[in-house]
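Peer 1: Starting from these lines, generate the structure:
(2 chains, ligands or ions: 1)
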Amino acid sequence: MVEVALGRPRVPVGSIRRRGVGWWGVMMLITTEASLFVYLLFSFYYFALQTPGEFLPRHPPSLSLSLPNTAILLLSSFAVWWGDVGVRRGRQRQLVVGLAIALLLGIAFVTIQLFEWRQQSFTLRSSEYGSLFFTITGFHMAHVVAGLLILVSLLVWSALGYFAGRRSAPILIGGVYWHFVDAVWLVVFFTFYLTPYLR
Amino acid sequence: MTILDIERRPEVAAASEASRRRLDEIWKTPPGIAGFLSTVDHKQIGIRYIITAFAFLILGGIEALIMRVQLGRPEQQLLTPEQYDQLFSTHGMTMIFLYALPVLSGFSNYLWPLLLGARDMAFPRLNAFSYWIYVAAGIFMYAGFAIGAGPNDGWFNYVPYASRQFNPGMNMDFYALGMIFLGISTSAGAANFIVTVFRTRAPGMSINRLPIMIWGTLTASAANLLVVPAVSLAFFLLWMDRQFGTHFFDVSQGGQPLLWQHLFWIFGHPWVYAIVLPAMGMVSDGLPVFCRRPLVGYTPVALSTVATMVLGFGVWVHHMFATGMPNLALSFFSGASIVIAVPSAVAVFAWLATIWSGRPVVTTAFLFFASMIVLFVIGGVSGFMTGSVPVDWQLTDTYFVVAHLHYVLIGINLFPVAGAIYYWFPKFTGRMLDEELGRWNFWTMFIGFNIAFLPMHLTGLWGMPRRVYTYPDGMGWDWLNLITSVGSFLFAFGILLLLINVVKSRRDGRLAGPNPWDASTLEWSVPSPPPPYNFAVIPHIVSRHPLWEQQLQESDARSSLDTGYLLDHGRETIATTSLDSDIDLILKMPEDSYAPFLLTVAVSALFVGLLLHWWWLAAVGGFATVGAIMIWLWPERDLGQTADAGHG
Ligand code: HEM
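Peer 2: The predicted structure follows:
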């Protein structure tokens, strides 16, 4: 009979980047939220295929604002990533600056998107297309706003000097959520703004 | 202030009186109302889940009995049609959403850390939160019923009946928002289970050593994470249609009513597996203990658990055979519905082989577990029949379906749950349930159930439609219905005996000791009831049956249960790697906290505001929600989240 010998390796304590449970938690959140968007888009394409007559509105959403706006959102993702590189290398300032830039770009995205909404020739109630457009882009907007609240919190906490080196899991976690929100936008953008040109 | 470091070698020690006292000090929840509102102890939360789910079972049961009185004889006028509609819909909603899954979550919550050798779930506060949200959502949904605005369109709530035009009251608004509300709890709980199993298993408990119950709940949780958004979305779109004039479901404006059915059943079918797989897991773990041998075919049973769910995703359309779909699609989904019988059969044969080759000790728990196999087979066969398209066209919307679904749900959920109560009650309370009363309890339930629901197949074959509030004399259904009603009351009386047994034995049941059944898994290695910290030292596992290594002699290696990692610098447990369970990190666990409760209050205000169109209340609730989340997530030094806890 042999009892196992217990090793005593040196292991990290507490929340460390990807090894803590927080990283896993946000992966779960992203999984379930990604499913939500899958069902939203499923609904859209279901309508697109099942509607007998003309499904698209006479003036589909235009690219004039949405294309630059897409670039803005992608840039803000890049800024978060750059800030994260900063904190890992011990450069506090880079972290704060990166988050601040990302936040401003995110706010710009929301503002421009509000204008873009007002330009449309349809409304939430005018047609089933309008219902889908505003519900799906609305869901995305709500996620952007949630992402902005996360960025604000991270900015405050970073300015307070909470994070350094490997003790920076919240930046990683909040950051990956923001990247997720941006990735979802690409799919939404493709669905509403690009598909009309593919016909 | 505790000392924190970025890295440390965990102390290895034997459990001692002194260390137990220290851990108790660190982990215990204060008594009284403060502890009640703030505890994050998975054991307390688990018990609460079970008690709350049983409260809903009783409510749903009372609704059922009222219906059975109404249906006992033809042309009864006890209930109006509208009252009957609300009763069967509320009964369905209660049983499916507020009883069947939460009761299993309760067992899993209580047992998981104990089965895995951990001191709590991966996210203790999230665990408390998912419980509170469940209660709040349950109250929310029942508030509608209480003011006469319960759901009245069946639990799956098809449009257009559910649209505002045909259903102008608030019934559907309560139900729609309530389901979205409840979805938060389900998703949060599912995420917690998944992370817990992949991160907090004791060292050495590799993935092939997990109890089957863990496989069941894990599979159910993965499915819930993926499909709950579908139903939340469906209800959200319905609410938008009703309140804001969108056009998702109204045909006259280009809406697509069938979209409702797709979204609902994408969710609904995996859900049905989610409320049976963990219960099947409990049988797979409990039954062998009473057969005095390990489960026959561990690996096939574990794999078939996962396979059932994977196939389950493919069968949602079988609920819609009667809606007129392309033939090819029908054949595909019919095939999938029939194939799914295969993994279920694997489990049944494994249980039978375990009983056959074991030396069964017939206890009440054994009876409940074993009888489940019988009910499962009956429910399975009738399900298999409706899985074939031509038969389904004959039987859909008759009492045959009602019989089938009760065999499945009561057979594979309620009977295992009753067995699980007999099996684990000693662990929960330190006392045994009364075995003699247990026999009465079992046989009343078993006989009552079959008297009630076996003849119902015939009622259906003879054409009685479901969801009718009464039926004319002379259709040949009257005596069948009378038998069913009598059986229902007998069955309900059986459940009452279970409750009586619990109340009585809680006070003066025989003392149990740590391992009254001589079972093999980790939860039986700790005292009954377990101390707040579960394990005085984190055990190290080398086999699937840590407490049976002596008898089984599968190998020379022995698990180390009394010597292990001490981890007493504040609330701590060990994190291990996902597949092999090698030690990876020391997790700092949160203290008790009011945040989950307060967040629930905030979210509730938000939902009430949305329901009543009190936008100010919705706004207050929304802001409070954001605030509460920020406070909750504020980085804490003691959780090792900030730089002053050591970095580099
Ligand atoms: C005393 C035990 C029970 C009795 C007497 C009973 C009786 C009934 C009756 C009379 C109906 C309505 C049939 C109709 O008019 O179509 C019904 C429906 C239903 N029951 Fe039960 N039931 C019992 C327990 C349960 C349990 C434990 C569950 C689930 C775990 C359950 C789940 C359902 C569901 C899902 C429906 C369908 C509701 C709908 O049509 O929307 N029942 N039951």
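Peer 1: buried stuff in stretch B:41-55?
Peer 2: Residues of stretch B:41-55 classed as buried by neighbour count (16 or more other C-beta atoms under 10 Å in any protein chain shown): B:41-50, B:52-54. Bear in mind the C-beta positions are built from the backbone N, C-alpha and C, glycine included.
Peer 1: Of these, just say which sits nearest to A:Pro12.
Peer 2: Closest approach to A:Pro12 among the buried residues of stretch B:41-55 (C-beta to C-beta): B:His42, at 24.0 Å.
Peer 1: Looks like the closest one contacts B:Ala122 (just checking).
Peer 2: No. In this structure B:His42 lies outside contact range of B:Ala122 using C-beta atoms under 8 Å: 10.2 Å.
Peer 1: Would you pull up the residue in the stretch 101-250 of chain B closest to the ligand?
Peer 2: B:Gly154 (3.4 Å; C-beta to the nearest ligand atom).
Peer 1: close enough to count as contact, that residue and B:Thr90?
Peer 2: No. Under the criterion of C-beta under 8 Å, B:Gly154 is not in contact with B:Thr90, lying 10.4 Å apart.
Peer 1: Neighbour count: these two, which is higher?
Peer 2: Counted by other C-beta atoms under 10 Å in any protein chain shown, B:Gly154 and B:Thr90 do not tie: B:Thr90 has more neighbours, with 24 against 16.
Peer 1: Format the buried residues of stretch B:41-55 as a markdown table; extra columns: distance to the ligand.
Peer 2: Compiled in a markdown table, those are given as follows (distance: C-beta to the nearest ligand atom, whole Å):
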| residue | distance to the ligand |
| --- | --- |
| B:Asp41 | 28 |
| B:His42 | 24 |
| B:Lys43 | 25 |
| B:Gln44 | 25 |
| B:Ile45 | 22 |
| B:Gly46 | 20 |
| B:Ile47 | 20 |
| B:Arg48 | 20 |
| B:Tyr49 | 16 |
| B:Ile50 | 15 |
| B:Thr52 | 15 |
| B:Ala53 | 10 |
| B:Phe54 | 11 |
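Peer 1: Turn those into a markdown table, including secondary structure and pLDDT.
Peer 2: Below are these laid out as a markdown table (DSSP: H, G, I helix; E, B strand; the rest coil; pLDDT from 0 to 100):
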| residue | secondary structure | pLDDT |
| --- | --- | --- |
| B:Asp41 | coil | 97 |
| B:His42 | helix | 97 |
| B:Lys43 | helix | 97 |
| B:Gln44 | helix | 96 |
| B:Ile45 | helix | 97 |
| B:Gly46 | helix | 98 |
| B:Ile47 | helix | 97 |
| B:Arg48 | helix | 97 |
| B:Tyr49 | helix | 98 |
| B:Ile50 | helix | 98 |
| B:Thr52 | helix | 98 |
| B:Ala53 | helix | 98 |
| B:Phe54 | helix | 98 |
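Peer 1: nearest to A:Leu172, of those?
Peer 2: B:His42 (26.7 Å).
Peer 1: Could you point out the helix or strand that follows the helix or strand of chain A with the lowest mean pLDDT?
Peer 2: Every helix and strand of chain A was ranked by mean pLDDT, DSSP states H and E. The lowest is strand A:2-3, at a mean of 62. Later in the chain than strand A:2-3, the nearest helix or strand by DSSP states H and E is strand A:11-12.
Peer 1: Next secondary structure element downstream of that following strand?
Peer 2: Next along the chain after strand A:11-12, with elements defined by DSSP H and E, is helix A:21-50.
Peer 1: now chain B, which segments are flagged as low pLDDT?
Peer 2: B:1-4, B:314-340, B:384, B:387-394, B:648 (pLDDT under 70).
Peer 1: Just want the most central residue of it.
Peer 2: Nearest residue to the geometric centre of chain B (C-alpha atoms, centre = their mean): B:Leu101, 2.5 Å.
Peer 1: how much space is there between it and B:Ser130?
Peer 2: Here B:Leu101 is placed at a distance of 11 Å from B:Ser130 (C-beta to C-beta, to the nearest Å).
Peer 1: Tell me the residues that contact both of the two, please.
Peer 2: B:Thr186 (C-beta atoms under 8 Å, 6 or more residues apart in numbering or on different chains).
Peer 1: phi, psi of B:Asp120?
Peer 2: Here is the backbone geometry of B:Asp120 (degrees, to the nearest 10): phi -170, psi -180.
Peer 1: actually B:Tyr533, sorry about that
Peer 2: phi -90, psi 0.
Peer 1: How confident is the prediction for whichever residue of chain A sits closest to the ligand, by pLDDT?
Peer 2: Residue of chain A nearest the ligand, by C-beta to the nearest ligand atom: A:Tyr39 (22.7 Å). pLDDT for A:Tyr39: 96.
Peer 1: now swap in A:Pro196 and tell me
Peer 2: 87.
Peer 1: just checking, it is part of a helix?
Peer 2: Yes. The assignment for A:Pro196 is a helix, going by DSSP: H, G, I helix; E, B strand; the rest coil.
Peer 1: which parts of the stretch 251-400 of chain B sit against chain A?
Peer 2: B:Gln253, B:Gly254, B:Gly255, B:Gln256, B:Leu258, B:Leu259, B:His262, B:Leu263, B:Ile266 (C-beta under 8 Å from any C-beta of the partner chain).
Peer 1: Looking at the residues you listed, which one is closest to the ligand?
Peer 2: Using C-beta to the nearest ligand atom, these come closest to the ligand at B:Leu263, 17.2 Å.
Peer 1: need the residues of chain B near the ligand, please.
Peer 2: B:61, B:64, B:67-68, B:88-89, B:91-92, B:95-96, B:99-100, B:154-155, B:402, B:405-406, B:409-410, B:413-414, B:452, B:466-467, B:488, B:491-492 (C-beta under 6 Å from any ligand atom).
Peer 1: Show me those residues that map onto helices.
Peer 2: The helices, defined by DSSP state H, take in B:61, B:64, B:67-68, B:88-89, B:91-92, B:402, B:405-406, B:409, B:452, B:488, B:491-492 from these.
Peer 1: between the residues you listed, which has the most around it?
Peer 2: For these, the largest number of neighbours (other C-beta under 10 Å) sits with B:Phe491, at 27 neighbours.
Peer 1: Surely that residue touches B:Asn441?
Peer 2: No. When contacts are counted by C-beta under 8 Å, B:Phe491 is not listed as touching B:Asn441 (11.4 Å).
Peer 1: one step back: nearest residue to the residue of the stretch 101-250 of chain B closest to the ligand in space, please, no chain neighbours.
Peer 2: In this structure, B:Gly154 finds its nearest non-sequential neighbour in B:Ser89, 5.4 Å apart by C-beta to C-beta, 6 or more residues apart in numbering or on different chains.
Peer 1: Could you do A:Arg58 as well?
Peer 2: A:Arg58's closest residue in space is A:Ser121 (C-beta to C-beta, 6+ apart), at 6.9 Å.
Peer 1: how much space between that neighbour and chain B?
Peer 2: 16 Å (C-beta to the nearest C-beta, to the nearest Å).
Peer 1: got CSV for the residues of the stretch 251-400 of chain B next to chain A, with neighbour count and secondary structure too?
Peer 2: Listed next are these as CSV, based on neighbours: other C-beta atoms under 10 Å in any protein chain shown; DSSP: H, G, I helix; E, B strand; the rest coil:
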residue, neighbour count, secondary structure
B:Gln253, 16, helix
B:Gly254, 18, coil
B:Gly255, 23, coil
B:Gln256, 20, coil
B:Leu258, 18, helix
B:Leu259, 19, helix
B:His262, 19, helix
B:Leu263, 26, helix
B:Ile266, 24, helix
